[in-house]
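Chemist: Pasting a predicted model and its sequence here:
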Amino acid sequence: MKKAYVKSYGCQMNAYDAARMADVLGAEGYAPTDSVADADVVVLNTCHIREKAAEKVYSELGRLRVLKTERRARGLDTRIVVAGCVAQAEGAEIQARQPAVDVVVGPQSYHRLPDLLARSRERRVVDTEFPVEDKFDHLPRRRTLGPAAFLTVQEGCDKFCAFCVVPYTRGAEVSRSVLAVLAEAEKLAQGGVREVTLIGQNVNAYHGAGADGAPVGLADLVRAVSKIPGIARIRYTTSHPNDFDDALIRAHAEVPALMPYLHLPVQSGSDRILAAMNRKHTGDQYRRLIDRVRAVRPDIALSSDFIVGFPGEADADFADTLRLVRDVGFESAFSFKYSPRPGTPAADRGDQVPEPVMAARLAELQTLLDGQRHAYQRAAQGRVFDVLVEKPGRHPGQVAGKTPHLLAVQFDAAPHHIGTVVPVRITEAGTNSLFGELVSEAAAA
């Protein structure tokens, strides 16, 4: 039987796309494999947000070229596919740098993967156009599901932050219709999914057509998904502060299935740097937005993204970022050194911050963020949370799942609990996850 190996880099959208590419290949008779050495088709679903992410792909392609040659010597054919945002941005360069690549396909065209693979037997193929048709209409039913799943509701971004390639690799903001989203969510629920994360590059800019053709916002979409039998939990990511409306804030107070967790990137605490980034909000506007969300959902856990060393960032600007982190308090966060991406406005600036300065600032920021994360985890000790059990744990007899606040928990329990929501008392806070014990429903109450 033919086998396909699919590896994904980057964001949740890429994870979703990688799973859907596996579905597309599965419909063509390819069984999934975790061994790249056994694969007849190898797909690298790439991320272009940072330079290191792109260079990792080229390093991987070098190893795949050797593997392809070795398999060919044994009479085995290997098709190498580069998909995703690096493919969209650097299609011609990929083929120039690595002739072993058979197919380069952008994130809007992967539903055509079987045809592209067939064509690649005659010549190497690049498909990075933004097609008119909706790729979701051409994707097969999902083949493998667990208790939690991503569901793409929106793609693209119109914000044009000065550091970001997404508008160039994913295109303008496009939202799926409410009917299409609900139809997929219902199939997920029928397949055993209990938690759905609605995803998009700028998910709270969602404006899909409702039953009457009028645009519907994310808050109303969340309410509609919450009514689907079997769906116990809803999350969404990633949001932009400027699209966070009152209706979405109210949903956090009024929709029990909407989990008390919010990932809301801010990038910097300096108003001067935020303006240079073209973020179109200030640090205080971000603080006030968080205040409003916490007013209706006091227990909400917050996560964010930060970039240090954006061109022109001075010590005072970085100090503003540290101040914002202390003011807000985060359960978790992603922080990175600025990485110039070709074609973005910030990449051409002459006031790039030296690498040693960026490294020192990143270390200081991560120390502060790690301290907040560990404090949040320690505060969970002794408390009881409803945990969605998602998979077996690291050790025999254990299972693993997530709290409503997206904290990872491991505890002793039988595997039949997978796919259920159970009360767990937290007994220990580890470095990256919590440990707990299953308690009775009476104890949880």
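Modeler: Sure, I can see it. Given the structure is predicted, the values throughout are model-derived calculations rather than measurements.

Chemist: Tell me who's in contact with Glu364.
Modeler: Residues near Glu364 by Cβ atoms under 8 Å, 6 or more residues apart in numbering: Leu322. Heads up, the C-betas are built off the backbone N, CA and C, glycines and all.

Chemist: Report the separation between it and Met358.
Modeler: 11 Å (Cβ to Cβ, to the nearest Å).

Chemist: By residue count, what's the longest helix in the protein?
Modeler: Taking DSSP state H as the criterion, the chain has its longest helix at helix 355-379.

Chemist: Strands of the stretch 251-400 of the chain, start to end?
Modeler: 261-263, 301-308, 332-337, 384-392, 398-402 (DSSP state E, counting those that start in this stretch).

Chemist: Let me know which of those is tucked in deepest.
Modeler: strand 261-263 (a mean of 24; mean count of other Cβ atoms under 10 Å).

Chemist: name the helices or strands packed onto it?
Modeler: strand 301-308 (3 or more Cβ pairs under 8 Å, 6 or more residues apart in numbering; DSSP states H and E).

Chemist: quick one on the thing from earlier: in JSON lines, list the strands of the stretch 251-400 of the chain along with distance to Ala276 and mean pLDDT.
Modeler: Shown next, in JSON lines, are the strands of the stretch 251-400 of the chain (distance: least, Cβ to Cβ, whole Å; pLDDT from 0 to 100):
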{"stretch": "strand 261-263", "distance to Ala276": "23", "mean pLDDT": "98"}
{"stretch": "strand 301-308", "distance to Ala276": "11", "mean pLDDT": "98"}
{"stretch": "strand 332-337", "distance to Ala276": "16", "mean pLDDT": "95"}
{"stretch": "strand 384-392", "distance to Ala276": "41", "mean pLDDT": "97"}
{"stretch": "strand 398-402", "distance to Ala276": "36", "mean pLDDT": "97"}
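
Chemist: Tabulate those (CSV), appending distance to Val125.
Modeler: Formatted as CSV, those follow (distance: least, Cβ to Cβ, whole Å):
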stretch, distance to Val125
strand 261-263, 36
strand 301-308, 34
strand 332-337, 33
strand 384-392, 36
strand 398-402, 40
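
Chemist: Please give me every residue in contact with the nearest residue to Arg373 once chain neighbours are set aside.
Modeler: Nearest non-adjacent residue to Arg373, counting by Cβ to Cβ, 6 or more residues apart in numbering: Ser332, 5.5 Å away. With contacts defined as Cβ under 8 Å, 6+ apart, Ser332 is in contact with Ala301, Ser303, Leu369, Arg373, Tyr376, Leu406.

Chemist: ok, 10 Å please
Modeler: Ser332 makes contacts with 261, 263, 301-304, 369-370, 372-373, 376-377, 405-407, as judged by Cβ atoms under 10 Å, 6 or more residues apart in numbering.

Chemist: Among the residues you listed, which pair sits farthest apart?
Modeler: Greatest spatial distance among those (Cβ to Cβ): Tyr261 and Asp370, at 18.6 Å.

Chemist: Look up the residues forming beta bridges with the residue nearest to Arg373.
Modeler: Ser303 (DSSP bridges).

Chemist: So which residue is dead centre in the protein?
Modeler: Gln12 (1.9 Å; Cα atoms, centre = their mean).

Chemist: buried ones in the longest helix of the chain?
Modeler: Val357, Met358, Arg361, Leu362, Leu365, Gln366, Leu368, Leu369, Gln372, Arg373, Tyr376, Gln377 (16 or more other Cβ atoms under 10 Å).

Chemist: Thr152 is in contact with the residue nearest to the centre of the chain, correct?
Modeler: Yes: assessed by Cβ atoms under 10 Å, Gln12 is found in contact with Thr152 at 9.1 Å.

Chemist: got the contact list for Val389?
Modeler: Counted by Cβ under 10 Å, 6+ apart, Val389 has contacts 147, 194, 399-402, 409, 411, 413-422, 424, 438.

Chemist: Could you find the closest non-adjacent residue to Leu113?
Modeler: Of all residues not flanking Leu113 in the chain, Val24 sits nearest, at 5.2 Å (Cβ to Cβ, 6+ apart).

Chemist: Neighbours of the one you found, how many?
Modeler: Close neighbours of Val24, defined as other Cβ atoms under 10 Å, add up to 22.
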